[in-house]
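Student: mind looking at a prediction? Sequence and model below.
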Amino acid sequence: MKELLVSMKENLSFLLVCLAVFAALVLIASAAERIMKTRRSVTPARYVTITAICGALAAILMLFEIPLFFAPSFYEMDLSEVPVLFCGFFLGPAAGVTCELLKILLKLVMKGTSTAFVGDFANFFVGCSMIIPATILYHCKKSKRFALIGLGVGTLVMTVFGSFFNAVYLLPKFSELYGIPLEAIIAMGTDVNASITSVSTLVLFAVVPFNILKGVVVSALTFLLYKRVEKALFRRKA
């Protein structure tokens, strides 16, 4: 019973952290929209519909994970940020953050979690670290140049922040909640790359290239497809 209470307390604290992070990100994105006056004027029903469509598409894409030869099995790439960027580019950064959360919730309903929710939280938080700067910069001036700048900055922020966040919080939290010693997690990385012998080298040789690769692929797909999808799905020019 004591162990159960401790486990419940740990999971509750993790849930509260997740909710606090979501609230903070929405506030940041909403503040950016108000300052720059970037939010698109659409009806509430249209706003919700577009966010829901993009969130559902992202959740489906999240089910298809791509294993990477340079990273342990718990780091698999998906392309779910592409529809989220579509949503953020069209409606603004706050919609992008909401869409990212919706994606995670739908994925949990369809598939559940295999990482004690840590991986899902990581996907949300690290994804938002790309979505927010990319969409803010795009809405400063809606052009191909600013789209590229925003996607590039988003990739950079995601790589730096995502790698730091993995090292100081996510990997230790995964070890704590999932009951796997941190040494065992590092060993999974060592099996893939002998240079991985610590948390720092795991981040350097697995997390950093993972985030760079994902950012580049997602950015390329978004840049190539957004205008086509916008005309076909949103039926309104940016």
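Tutor: It's in.

Student: all helices for this structure, in order.
Tutor: 2-36, 44-62, 81-91, 93-111, 118-140, 144-165, 171-178, 182-192, 199-202, 208-229 (DSSP state H).

Student: buried deepest among the ones you listed, which one?
Tutor: The highest mean neighbour count among the helices of the chain, using mean count of other CB atoms under 10 Å, belongs to helix 81-91: a mean of 28. Backbone N, C-alpha and C define where each C-beta goes, glycine included.

Student: show residues contacting that helix.
Tutor: 39-40, 42, 47, 50-51, 54-55, 57-58, 61, 95-97, 99-100, 103, 127, 130-131, 134-135, 138-139, 147, 151, 214, 218, 221-222, 225-226, 229-230, 233-234, 238 (CB atoms under 8 Å, 6 or more residues apart in numbering).

Student: mind doing that once more with 7 Å?
Tutor: Around helix 81-91, the neighbours that count as contacts under CB atoms under 7 Å, 6 or more residues apart in numbering are 40, 47, 50-51, 54, 57-58, 61, 95-96, 99-100, 103, 127, 130-131, 134-135, 138, 218, 221-222, 226, 229-230, 234, 238.

Student: show me how far it is from its chain's centre.
Tutor: 12 Å (CA atoms, centre = their mean, to the nearest Å).

Student: quick one, it and helix 93-111 angle?
Tutor: 150 degrees (axes from the mean of the first three to the mean of the last three CA atoms, to 10 degrees).

Student: could you give the mean pLDDT of helix 81-91?
Tutor: Taken as a whole, helix 81-91 has a mean pLDDT of 94.

Student: contacting residues around stretch 96-107?
Tutor: Taking CB under 7 Å, 6+ apart as the rule, stretch 96-107 contacts 22, 25-26, 29, 51-52, 54-56, 58-59, 62-63, 80, 84-85, 87-88, 120, 123-124, 127-128, 131-132, 135.

Student: please redo it, this time with the cut-off set to 8 Å
Tutor: By CB under 8 Å, 6+ apart, stretch 96-107 touches 22, 25-26, 29, 51-52, 54-56, 58-59, 62-63, 80-81, 83-85, 87-88, 120-121, 123-124, 127-128, 131-132, 135.

Student: now do stretch 60-74
Tutor: Residues from elsewhere that reach stretch 60-74, judged by CB under 8 Å, 6+ apart: 75-80, 82-83, 103-104, 107, 110-111, 115, 119, 123, 174, 185, 188-189, 191-193, 202, 205-207, 209-210, 213.

Student: give me that answer again for 6 Å
Tutor: Here stretch 60-74 makes contact (CB atoms under 6 Å, 6 or more residues apart in numbering) with 76-80, 107, 188-189, 192, 206, 209-210.

Student: with stretch 121-137 instead?
Tutor: 18, 21, 25, 29, 32, 81, 84, 88, 93, 96-97, 100, 104, 146, 149-151, 153-154, 157-158, 161-162, 170.

Student: kindly format the C-alpha coordinates of it as PDB.
Tutor: Coordinates of each C-alpha in stretch 121-137 appear next as PDB, following Å, rounded to 0.1, in the frame of the first residue of the first chain:
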ATOM      1  CA  PHE A 121       5.000  14.500 -22.500                       C
ATOM      2  CA  ALA A 122       8.400  14.700 -24.200                       C
ATOM      3  CA  ASN A 123       6.800  14.600 -27.600                       C
ATOM      4  CA  PHE A 124       4.400  17.400 -26.700                       C
ATOM      5  CA  PHE A 125       6.900  19.600 -25.000                       C
ATOM      6  CA  VAL A 126       9.800  19.200 -27.500                       C
ATOM      7  CA  GLY A 127       7.300  19.500 -30.300                       C
ATOM      8  CA  CYS A 128       6.000  22.800 -29.000                       C
ATOM      9  CA  SER A 129       9.600  24.100 -28.700                       C
ATOM     10  CA  MET A 130       9.700  23.900 -32.500                       C
ATOM     11  CA  ILE A 131       6.000  24.800 -33.200                       C
ATOM     12  CA  ILE A 132       6.000  28.100 -31.200                       C
ATOM     13  CA  PRO A 133       9.000  29.900 -32.700                       C
ATOM     14  CA  ALA A 134       8.300  28.600 -36.200                       C
ATOM     15  CA  THR A 135       4.700  29.800 -36.200                       C
ATOM     16  CA  ILE A 136       5.500  33.100 -34.500                       C
ATOM     17  CA  LEU A 137       8.200  34.000 -37.100                       C
END
